[in-house]
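Q: Let's see this in three dimensions:
(2 chains)
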Amino acid sequence: MMIELVNVSKTFNNGHKALKNINIKIDNGEFVFLVGPSGAGKSTLIKLLLKEIDPDDGKIIINGKDVTKLKRREIPYLRRSIGVVFQDFRLLPDKTVYENVAFAMEVTEASPKDIRRQVPIVLSLVGLSKKANLYPNQLSGGEQQRVSLARAIVNGPSILIADEPTGNLDPDTSWEVMKSLNEINHRGTTVLMATHAKDIVNAMKKRVIAIEDGTITRDDMKGGYGI
Amino acid sequence: MKLRTYKYFFKESVKSIWRNKVMSLASIGSVMSALLVIGIFLILVLNVDYLAQKLESQVEIKVHLVDGLSDNIIKDIQKEIEGLEGVKEIVFVSKDQALKEFSESLGENSYLLEGLEGDNPLSDSFVVTLVDPRLAPKVTLAIKAMSNIENVVYGKEILEKLLDITYFLRIGSLAIVGILFLISVFIISNTIKLTVFARRREIGIMKYIGATDWFVRGPFFFEGVLLGFLGSIISISLLATGYYFLSRYIEQQMFGLLVVSLMPFNEVLNTLIVALLIFGVIIGSLGSMISIRKFLRV
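A: Next up, the predicted model:
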């Protein structure tokens, strides 16, 4: 079991109950959509997995470890095992595509040799080998998101979390990103993608977990977006 | 930690010092001026200490005798003083001799003493040197207890005054140094805050891709240390140059007029370099640590 949430609850200081007694199990190599209206608890769930926040109750087990019990200084190593991409790409504007991806390896103190070998591999995986020396503002939105995908997987994480990765993209470029995500999943990485994109969820025919008002309302192995 | 990580820290800190040129200059300038003042006080304290030490080693007791004693009585007194513990040497100075020396020490102005030969107001005296200057009060007391002694003096007053000056110098410099220290720490921490702010995007990304705390903080810490280091290098060169020319000037212009000279340049330089480098680096690292703690909760 890759990710397991057991009876997880989270109430924020303002009294808002973001998650109520959530139970989720995600296996190795699965591709899971996390759907639901804004404010339903998707972002809270992702923050819990990255240990940006801690739950009030319950256990969150990732790669066999209860992350709620991790010490502060162990958090970076948890995050190295989880790649993450966001709706707004979060690329560094003064670094080239290549440098943006290499940066993720530099902060883990990888050797320059490994960096020179690994970065071209992931750039070709997302189809951006030819744009390695361009800057983010010279790329389309879809291309920028694929750079951030490359950055997320360059350290070889076992899990990839995508928080509305197509939220800022038009349908065509969204599909470019989905193709890359699918490719990454086929290579064995577990993918968890929070999204509003109904047509993508319906077309991909993957497992769908729906959250509404802090509880899981549906968990279909080959489901569509639903209502 | 790997060597290339330090290289990365260094590169990033130089980059951001360059990017925030104005604030970096202001920080270096404030560290520099703080260290200049600290250095000036240090030089003063060192020199007063040096002077006190020199004087202390030259302590001699002057024993003035009652006027009109016979040679035999004077010899007896000399023997008695010689017998005291701690006395190294005793030299008799007759009143005529004393007048001559006095007149010589006045040089061109010796005419002031003309006509005094017949009615010498000075007295016969002994100059007593000691094995250890710390014995001076004890020996002085013992001599005072003897008969036919007019009075006994030693360089006590000057010494004590010097020690008083050192004391006030130390207290005063401590206060000023403390204030300047705090101001420079504050300015450095402000500069680092700007850097942290300019790079908050990058910091956020680093957190998500699993950078450890110290890896995120490293460049900022280095930046503070580097600013402090540069400030201290500049202040050291300024102070060293100034002191070099001052001591040379004093040596050339006032040679012979002063009993003791300034502390030698090399000795001052060594202390200055060590003290100011340590101060500068402490100011820099404190300033950056404050910013890191306040603005870089990673």
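Q: Against chain B, how distant is the residue nearest the centre of chain A?
A: Nearest residue to the geometric centre of chain A (Cα atoms, centre = their mean): A:Ile161, 1.4 Å. Noted for A:Ile161: a distance of 10 Å to chain B, by Cβ to the nearest Cβ, to the nearest Å. (C-beta placed from N, C-alpha, C; glycine too.)
Q: who's in contact with that residue?
A: Contact analysis of A:Ile161 by Cβ atoms under 8 Å, 6 or more residues apart in numbering or on different chains lists A:Ile46, A:Leu49, A:Leu50, A:Ile82, A:Gly83, A:Val84, A:Val85, A:Leu192, A:Met193, A:Ala194.
Q: at 7 Å what do you get?
A: A:Ile46, A:Leu49, A:Ile82, A:Val84, A:Leu192 (Cβ atoms under 7 Å, 6 or more residues apart in numbering or on different chains).
Q: in which helix or strand would I find the fourth one?
A: Of the helices and strands defined by DSSP states H and E, A:Val84 is found in strand A:82-86.
Q: Any chance of the backbone angles for A:Asn155?
A: Per-residue torsions, A:Asn155: phi -90, psi 10 (degrees, to the nearest 10).
Q: so what's the residue of the stretch 51-200 of chain B found nearest chain A closest to, chain neighbours aside?
A: Proximity of the stretch 51-200 of chain B to chain A (Cβ to the nearest Cβ) peaks at B:Arg199, 9.5 Å away. Nearest residue to B:Arg199 in three dimensions, chain neighbours excluded: B:Ser16, at 7.3 Å (Cβ to Cβ, 6 or more residues apart in numbering or on different chains).
Q: A strand includes the one you found, no?
A: No: with DSSP: H, G, I helix; E, B strand; the rest coil as the criterion, B:Ser16 is located in helix rather than a strand.
Q: these two touch, right, it and B:Thr195?
A: Yes: between B:Ser16 and B:Thr195 a contact is recorded at 4.7 Å, counting by Cβ atoms under 7 Å.
Q: quick one: common contacting residues for the two?
A: What both B:Ser16 and B:Thr195 touch, as defined by Cβ under 7 Å, 6+ apart, is the set B:Glu223.
Q: Just name the closest of the contacts of A:Ile161 to chain B, please.
A: Of those, the one sitting nearest to chain B (Cβ to the nearest Cβ) turns out to be A:Val84, at 5.5 Å.
Q: Please tell me how far B:Arg4 sits from A:Glu106.
A: Distance of B:Arg4 to A:Glu106, computed by Cβ to Cβ, to the nearest Å: 9 Å.
Q: Same drill for these two, tell me which one is more crowded.
A: Shown here are B:Arg4 and A:Glu106; by other Cβ atoms under 10 Å in any protein chain shown, A:Glu106 has more neighbours (18 against 14).
Q: Enumerate every residue touching that one.
A: Residues near A:Glu106 by Cβ under 7 Å, 6+ apart: A:Ile115, B:Tyr8.
Q: Show me which helix runs longest in the chain.
A: Answering for chain A, as no chain was given. Longest helix in chain A, counting residues (DSSP state H): helix A:171-186.
Q: That was the other one, I meant chain B.
A: Under DSSP H, chain B gives helix B:156-198 as its longest helix.
Q: avg pLDDT for that one?
A: Throughout helix B:156-198, pLDDT has a mean value of 80.
Q: list the helices and strands that helix packs on?
A: Helix B:156-198 is packed against helix B:21-57, helix B:213-253, helix B:265-295, with contacts defined by 3 or more Cβ pairs under 7 Å, 6 or more residues apart in numbering or on different chains; DSSP states H and E.
Q: Any idea which of these gets closest to chain A?
A: Closest approach to chain A among those is made by helix B:213-253 (5.8 Å; Cβ to the nearest Cβ).
Q: hmm, back to that, which one of the helices and strands packed on helix B:156-198 lies closest to A:Glu183?
A: Comparing the helices and strands packed on helix B:156-198 against A:Glu183 with Cβ to Cβ, the closest turns out to be helix B:213-253 (30.2 Å).
Q: Could you tell me the angle between that closest one and helix B:265-295?
A: Angle of helix B:213-253 versus helix B:265-295, following axes from the mean of the first three to the mean of the last three Cα atoms, to 10 degrees, is 150 degrees.
Q: roughly how far out does helix B:213-253 sit from the chain middle?
A: With Cα atoms, centre = their mean, to the nearest Å as the basis, helix B:213-253 stands 18 Å off its chain's centre.
Q: Give me the nearest residue to B:Ile40, chain neighbours excluded.
A: Closest residue to B:Ile40 apart from its sequence neighbours, by Cβ to Cβ, 6+ apart: B:Leu239 at 7.2 Å.
Q: And A:Val8, what's its pLDDT?
A: We have a pLDDT of 93 for A:Val8.
Q: Would you state the helices of chain A in chain order?
A: A:42-49, A:75-80, A:97-106, A:112-125, A:141-153, A:171-186, A:198-204.
Q: could you say what helices and strands the last one packs with?
A: I take that to be helix A:198-204. Under the contact definition 3+ Cβ pairs under 7 Å, 6+ apart, helix A:198-204 sits against helix A:171-186.
Q: what sits up against the helix it packs on?
A: Against helix A:171-186 from outside (Cβ under 7 Å, 6+ apart): A:31, A:125-126, A:140-142, A:145-146, A:149, A:153, A:160, A:162, A:165-166, A:169, A:191, A:193, A:197, A:200, A:204.
Q: how does it look with 6 Å?
A: Outside helix A:171-186, the residues within contact range by Cβ atoms under 6 Å, 6 or more residues apart in numbering or on different chains are A:Phe31, A:Val126, A:Gly141, A:Gly142, A:Gln145, A:Arg146, A:Leu149, A:Ile153, A:Pro165, A:Thr166, A:Val191, A:Ile200.
Q: Just flag the most distant two among those.
A: A:Phe31 and A:Gly141 (22.4 Å).
Q: for chain B, what are the nearby residues on chain A?
A: Taking Cβ under 6 Å from any Cβ of the partner chain as the contact definition, chain A meets chain B at A:Pro76, A:Arg79, A:Arg80, A:Val84, A:Arg90, A:Leu92, A:Ala104, A:Val107, A:Glu109.
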